[in-house]
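**Student:** with the input below, show me the fold.
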Amino acid sequence: MIFGHTMITFKKIDNSNWEDCISLSVKGEQKGLVASNAYSLVQAAYQKNCVPLGIYFEETMVGFAMYALDPDENSFWIYRLMISAENQGKNYGKLALIQLIEYIKNHENATQISLSYKHNNTVARKLYASCNFLETREVIEGEIVARLNLK
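**Tutor:** Numbers count the residues shown, from 1 in each chain. The predicted structure follows:
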């Protein structure tokens, strides 16, 4: 475990859990809303600033998150946050997001967290708004950008 509390913990993706990670998927109607975990792991292999994490409930991986420090902006981005189809509706996404925010806050010079989502991803929009992310007028690759100021 690299961080977390009693219910939800995070573990880095490595040789011991990458297959569990790529076996997770969202509900069918959500497939176009978030990149697959396999794609995300390839992205992390080539973008060395990405940190891929398994989201665990007890000893079971229930989701995936990936964050990075954007050196151009000197701000943190949450690139991925997904909970597998069979584990949705159990509040794991919100608990994971809250803990990920707290973890990023502890990085030196962390002043802002950014993320983006497709305009029709109402579940993500509601989740991020509930944690005080504010939509900006920015759109990156067709996705709405939202930011959380940490200071």
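
**Student:** need the longest strand for this structure.
**Tutor:** strand 60-70 (DSSP state E).

**Student:** the helix or strand that that strand is followed by pairs with which strands?
**Tutor:** With elements assigned by DSSP states H and E, the helix or strand that comes after strand 60-70 is strand 75-83. Strand 75-83 sits in its sheet next to strand 60-70 (antiparallel), strand 112-118 (parallel), going by DSSP bridges.

**Student:** now render the ones you listed as JSON lines, adding mean pLDDT.
**Tutor:** Listed next are these as JSON lines, based on pLDDT from 0 to 100:
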{"stretch": "strand 60-70", "mean pLDDT": "95"}
{"stretch": "strand 112-118", "mean pLDDT": "95"}
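
**Student:** if we can go back for a sec, could I get the buried residue list for the longest strand of the chain?
**Tutor:** 61-69 (16 or more other CB atoms under 10 Å). Every C-beta, even on glycine, is put in place using the N, C-alpha and C of the backbone.

**Student:** now the lengthiest helix in the chain and strand 60-70, what's the angle there?
**Tutor:** Using DSSP state H, we find that the single longest helix of the chain is helix 92-105. Calculated by axes from the mean of the first three to the mean of the last three CA atoms, to 10 degrees, helix 92-105 forms an angle of 40 degrees with strand 60-70.

**Student:** show me where pLDDT drops low in this structure?
**Tutor:** Scanning the chain for pLDDT under 70 picks out the ranges 1-6.

**Student:** for Asn109, see how far away the residue positioned nearest the centre of it is.
**Tutor:** Compute the mean C-alpha point of the chain, and by CA atoms, centre = their mean the closest residue is Leu81, 2.8 Å away. Using CB to CB, to the nearest Å, one obtains 22 Å as the distance from Leu81 to Asn109.

**Student:** Ser84 now?
**Tutor:** Note on Ser84: its distance to Asn109, by CB to CB, is 33 Å.

**Student:** quick one: which of those two has more around it?
**Tutor:** Ser84 (20 against 8; other CB atoms under 10 Å).

**Student:** tell me the contacts of the more buried one?
**Tutor:** Applying CB atoms under 8 Å, 6 or more residues apart in numbering to Ser84 gives the contacts 24-26, 62-63.

**Student:** nearest to Glu143, of these?
**Tutor:** Val26 (16.1 Å; CB to CB).
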